Every structure is written in C-alpha cells, then in structure tokens.
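1. Generate coordinates for the sequence data below:
(chains A and B)
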Amino acid sequence: MKIAFIGLGIMGRPMALNLLKGGHQVTVWARRAESMQPLLDAGAIAAASPTEAARGNELVISMVADAPDVAEVMRGVAKGTGSGLVAVDMSTIAPAAARQIGVDLAAAGVDFMDAPVSGGEVGAIAGTLSIMAGGSDAAFAKAKPAFECMGKNIVHVGASGAGQVAKAANQIVTGMGVLAVAEAFAFAAKNGVDRNRVREALLGGFAYSKILENHGQRMLDRNFKPGFKSWMHEKDLNIVMQTAHELGLCLPGSAATAQMFNAMVGSGMGEEDSIAVLKLLERLSGQE
Amino acid sequence: MKVGFIGLGAMGRPMALHLQRAGHELFVWARRPASAAGLPATLCATPAELGRHCEVVFTIITSSADVEAVALGSNGLLEGMAPDSVLIDCSTIAPDAARHIASKLAEKGIHFLDAPVSGGTQGAIDATLAIMAGGDAAVLERVRPLLDCLGKRIVHIGPNGAGQVAKACNQMIMVAAIEAAAEAMRLAAASGVDCAKVRQALAGGSAASRVLDVMGERMVKRDFAAGIDARLHHKDFGLVLEAARKSGVPVPLTATVAQQLNALMAQGWGKDDTASLLRVLEA
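-> Sure thing, here's the model as predicted:
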C-alpha cells in the first residue's frame, strides 16, 4: 500500500520503519528534516509538507505531540488529496479533539480514524504495540494491514473518538498502577521489609500485574530512564481530568494520581520515567 | 463620570446600580437586551459603542472566552475605548487570559485591571465585596472611588493576572471549606447527632468560619437554592487545576474536591448552591 507517515519521533520512527519492512511504500514528513534521514536511508520517500505527503497516497498516518499539532497536520493533509483518503492519527489526544478533527476532515471527504497506541518505544520497535482504533469500519479495514505491521493487539473500539477514550482509560489504569506499586514498595521499605521479596510474593497472587512485574523490577533496580516520560503521563492524565470535568464524572483516584505526576513535573522529574514517582514518595516520607 | 457596565447578572446588576446611585452616568450593553430592562442607563448596541462613551468600563461575565470576545472581538471594547481609558474586569477567568487581554489593550494605550470579587450576590447587594486587583497601582488609585462604591476590602495584589491568582486561591480555600463542612455535617447526621447543634458549637471554636456560618446553615436547613451557582465553582476549579498544572504545583486536596464537584454536576445540581456537596455525600 502507498502510505504517508507524518511525525518521526521516538515512537513514529520505528513505526514507519516497520511499515517499510512490511513491504509498503512509505512517504515521510517531519518538522525537523534531520529526523527524516534514517527513514530515507531505509527507502522512504521524502515530502516537503503534510500536503505533499498526502498527495497520491491511500493512507496517511500521523504520530505527533498534541491535539493542535494533529489538527494542523490534518488541515495540510486535507489540502493535498481528493476524497476517499483514510487518515489515521496514532497520537494521544483528547477524545473530544479527535471527534472534532474527524468532523472537519469529513467535510473535506477524508475518512479520519483515531488509533492511539500503548506499549512504548519497546513495543514500537518490536512491532508489538496495542492499537485502539475509533472510526468507521471502512477506515479500519483500510488501515488494518498497516496496523498489523506496527502492532499485535489491534482492537476496533468503536466510532470516532472511541480509540482515544480507550487510551485515556489505559492511562488511568497504568497511572494508578504505577503509583500503587510505588506506594506498596515505599510501605514495605518503611516497615523494614525487603521489597524484592514483597514483589516476588505478590507476583503469585491477585496483585499480579504487568506493571508490578516490569515497572516494579525497574523500581527495584532504581532504573528511572524512560521508557515513558512522566511529563507525558501527566499530559495524558490531564486529558482524563479535563474530560471528566466536561462530563461531570467523579474520578478521585485519577485526580490524586494526576497531582503526583504534576508534582514530579514541577520538581524537575518530568524527563524521567513515570516510575520515578517512587522517589517522590520516598522524599515525602523521609526515606531518601 | 461616564461608566460602562457589561454583564448584568445576579452580581453585575446590583453592582451597576451602586455606581449609578453614586452619581455616575451609566452605559450598559447586554447580550440579551431584556436583562438591561428597568436599569437607569443608556443601552448601547455593541461593546464598541459603549466603549466610545465611557472613561471606565466594568465587565463581569462568565468565562475567559466571553471576556476575550467582549474586549477583543469584533465590535468589542478595544474598537471603541479611547487611550487612557480603563477596563476593569470583575469576572473570574484564567490569569493567563487576563494577561493576554491586558497586553492587547495596552497596544492602544487602554489600561486594564483584573479585579475579581468575592462575597457573592449578598456582598454585591450590600456593596461589601472583597476586590482583588491586578494591574498598575496608579490606575487602581484612579478608579478606587468607583470600586469603593462596590466593596469594602480593595487590595492591590500585583501586576495584571495577580488579581485572578488571588481569586483562584480564594476559591480553593472556600470550596474546600464547604466540602469540609459538608463532610462534618454528614458524619454528624450519620451518627444520629443534631447537625444544627454541632454547627452551633463549632461556631464558637477553632473551626469557626464564614463558610461554616453561611453554607453550614444552608446544609442544616437543607436549603440548596443558590446563593452562588455550584456550576460556577465547578468552572473555577477547572481554572485552578489548569493553573496548578502549568506551575507544576501539586494541589491534592483541590483535585479531590474537584471530583466531588464533578459528581455534583452529574447529579444535575449545577444551578443549586454549592452546599449541595452535602447531597453528593448522601447519594
């Protein structure tokens, strides 16, 4: 398939590479020209703008930072194409913003799908991302071969915005999950108990989770390199809290968790992995 | 003095009347002209037209976007107000929005004060509002005689935006206190104890507060008709949390109270008083 890929950051670059490996023809554009080079070396075609990237392709994929970036890129895409194009945004943005972009693009004859991912840089490189898609059946069918090059667990969640709702739900679970494991470890340590053994014991019971296993191990190793940066988790939880505010939805646990990530960003830990919340807990309880 | 007033709601209407009674010539604009009915004022067709008539203009409307539209939008105040005139915005909006409006007006030599108020409808009627001003101190002194018609405690907090920061702090403390009062009333009732007597006893001790006095009484009487619409506190908490996020300041209690306000909105009590936080605990 002829695919345009826009946004070649930590996530976008390996995802675009996996499309090339899957035998697709890939045209790329990125705001910083130098980030296009690794893709051009691997056989991708360079475009000078989102408009040019979209021209002549069947599928456009974007992976950028935030809703205003997605809207701007997609405005360019809409200019570069006649109707019938499918445009998929895999960034994490607010569900309401995704729905609005979908409405705007429908007016230009472009079928828009939100398809945010979970699995981090490791999943992007390995092609094992979870992909949560929202949009029409036709758009999903069109994008599916591309999704299969980038991910493993691919779910068409529902209509436009539904993918972002699922991603926000994912961030609620992972955000609180990381905080829960960190609190359990702080609790064990303050009680003078070996947290390695606590983790080992818990892995066999109902507290088992991937987060306890993977993030927990990294906490014990005190390996706070990202992974998933805490400022990004803060940004995603802000999407959750803003949506809850708009809907009139009571989310006390998410609110408390969001404030912990807010404190991390404020105290200069934004570039560290979100598991660095353990350090914040230790500081608050005099465990440094 | 020729004074303009925009935003003739539960707060704005009594404030405008105080200015008129103090001998000022009043010019008003209202999105719905009906809300200006019965006011001894000249009704203007647009904010720009109002701005052309007035030395000082007051606004007290709901959201950042509303204030920006009235001040900077087409037919907005910016188009009509003369250099060296003063816009005093008494709305509760984001500090960033206040700073943005101030800088746009300054390009044309128009002064701006963010001057949000606290004290509710009763404070507006009694002219006992607390006024928190952000902007140039000399400009505040120029318009202080007007503000004296509206409030008792008028404090210059700092430059533009500082008034809105103070208002955000005010809302954090007040609504958290309402939640604390609601939880205390709920615990008393659930324990089979007379809420009225608990409130009476507390009023004499270290837990005494204006909120316990006013909102506590509403809770005891189960009078949830607004004083201040809870939806406005819900809106304000959105602003507070956004400001905290931008500053990287953790506000765990505010965040928790915000969730109770979300639940209140979900129950459909947004136009009732914020004392309805008690009903959220009973739900």
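
2. only C-alpha atoms for contact and neighbour calcs from this point on.
-> Noted.

3. just the strands in the stretch 51-200 of chain A please.
-> A:59-62, A:86-89, A:111-114, A:117-118, A:129-134, A:151-158 (DSSP state E, counting those that start in this stretch).

4. Next, format those strands as JSON lines and append distance to chain B, mean neighbour count and mean pLDDT.
-> Converted to JSON lines, the strands of the stretch 51-200 of chain A look like this (distance: least, C-alpha to the nearest C-alpha, whole Å; neighbours: other C-alpha atoms under 10 Å in any protein chain shown; pLDDT from 0 to 100):
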{"stretch": "strand A:59-62", "distance to chain B": "27", "mean neighbour count": "26", "mean pLDDT": "98"}
{"stretch": "strand A:86-89", "distance to chain B": "26", "mean neighbour count": "26", "mean pLDDT": "98"}
{"stretch": "strand A:111-114", "distance to chain B": "25", "mean neighbour count": "28", "mean pLDDT": "97"}
{"stretch": "strand A:117-118", "distance to chain B": "24", "mean neighbour count": "24", "mean pLDDT": "94"}
{"stretch": "strand A:129-134", "distance to chain B": "26", "mean neighbour count": "27", "mean pLDDT": "97"}
{"stretch": "strand A:151-158", "distance to chain B": "24", "mean neighbour count": "17", "mean pLDDT": "96"}
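
5. Go through the ones you listed and name the closest to B:E217.
-> Smallest distance to B:E217 across the strands of the stretch 51-200 of chain A (C-alpha to C-alpha): 48.0 Å, for strand A:151-158.

6. A:S130 contacts A:E121, correct?
-> No - at 11.9 Å, A:S130 does not count as touching A:E121 under the criterion of C-alpha atoms under 8 Å.

7. How about the secondary structure of the residue lying closest to B:E282 once chain neighbours are set aside?
-> Once flanking residues are discounted, B:E282 sits nearest to B:R186: 7.5 Å by C-alpha to C-alpha, 6 or more residues apart in numbering or on different chains. Judged by DSSP: H, G, I helix; E, B strand; the rest coil, the three-state class of B:R186 is helix.

8. what's the domain layout of the chain?
-> All of this is about chain A. The record assigns chain A these domain ranges, following automatic domain parsing: A:2-159, A:165-284.

9. looking at chain B here, not the other one
-> If you go by automatic domain parsing, chain B breaks into B:2-159, B:165-282.

10. What's the end-to-end length of the first one?
-> Think domain B:2-159. Taking C-alpha to C-alpha, to the nearest Å, domain B:2-159 runs 26 Å from one end to the other.

11. Stretch A:185-196 now?
-> End-to-end span of stretch A:185-196 (C-alpha to C-alpha): 9 Å.

12. pLDDT (mean, whole number) over it?
-> For stretch A:185-196, mean pLDDT rounds to 94.

13. cool, stretch B:10-28 as well?
-> For stretch B:10-28, mean pLDDT is 96.

14. which bits of the stretch 101-250 of chain B sit near chain A?
-> Residues of the stretch 101-250 of chain B lying close to chain A (C-alpha under 8 Å from any C-alpha of the partner chain) are B:238, B:245, B:247-250.

15. Now, of those residues, which are buried?
-> Buried by 16 or more other C-alpha atoms under 10 Å in any protein chain shown: B:238, B:245, B:248-250, out of those.

16. if we take these, which one ends up nearest to A:T27?
-> Among those, B:R245 lies closest to A:T27 (C-alpha to C-alpha), at 37.4 Å.

17. okay, now A:A48: neighbour count?
-> When neighbours are defined as other C-alpha atoms under 10 Å in any protein chain shown, A:A48 has 12 of them.

18. no, scratch that, I was asking about A:S49
-> When neighbours are defined as other C-alpha under 10 Å, A:S49 has 17 of them.

19. Show the pLDDT at it.
-> Note for A:S49: predicted pLDDT of 95.

20. So the residue lying closest to it once chain neighbours are set aside versus B:A196, what's the distance?
-> Nearest residue to A:S49, sequence neighbours excluded (C-alpha to C-alpha, 6+ apart): A:W29, at 6.3 Å. Using C-alpha to C-alpha, A:W29 is found at 68 Å from B:A196.

21. Nearest residue to the single nearest residue of chain A relative to chain B in space, ignoring adjacent ones along the chain?
-> Using C-alpha to the nearest C-alpha, the single residue of chain A nearest to chain B is A:G266, 3.7 Å away. Nearest residue to A:G266, sequence neighbours excluded (C-alpha to C-alpha, 6+ apart): B:G248, at 3.7 Å.

22. What about the residue in the stretch 1-150 of chain B that chain A sits nearest to, how many residues nearby?
-> Proximity of the stretch 1-150 of chain B to chain A (C-alpha to the nearest C-alpha) peaks at B:S63, 14.3 Å away. When neighbours are defined as other C-alpha under 10 Å, B:S63 has 18 of them.

23. mind listing the strands for chain B?
-> B:2-6, B:25-29, B:42-43, B:56-59, B:86-89, B:111-114, B:117-118, B:129-134, B:151-158 (DSSP state E).

24. List the buried residues for stretch B:131-145?
-> Within stretch B:131-145, the residues that count as buried by 16+ other C-alpha under 10 Å are B:131-135, B:140.

25. any idea how far it is from the chain center?
-> How far stretch B:131-145 lies from its chain's middle: 17 Å, per C-alpha atoms, centre = their mean, to the nearest Å.

26. got the residue ranges for the helices in the stretch 101-250 of chain B?
-> Secondary structure of the stretch 101-250 of chain B (DSSP state H, counting those that start in this stretch): helices located at B:120-126, B:137-148, B:162-190, B:195-202, B:210-221, B:230-247.

27. avg pLDDT for the first one?
-> Translated: helix B:120-126. Averaging pLDDT along helix B:120-126 yields 93.

28. residues of it that come out buried?
-> B:120-121, B:123-126.

29. Burial check on B:G205, number of neighbours?
-> 9.

30. Now do the same for it: its pLDDT.
-> With respect to pLDDT, B:G205 has a value of 87.

31. same thing with A:T81?
-> pLDDT for A:T81: 79.

32. and it, backbone torsions?
-> Listed backbone geometry of A:T81 is phi -150, psi 150, with angles given as degrees, to the nearest 10.

33. from what I can see it touches A:A54, true?
-> Yes - counting by C-alpha under 8 Å, A:T81 does reach A:A54; the two are 6.3 Å apart.

34. Compare the two and say which one has the larger neighbour count.
-> Using other C-alpha under 10 Å, the more surrounded residue of A:T81 and A:A54 is A:A54, with 32 against 20.
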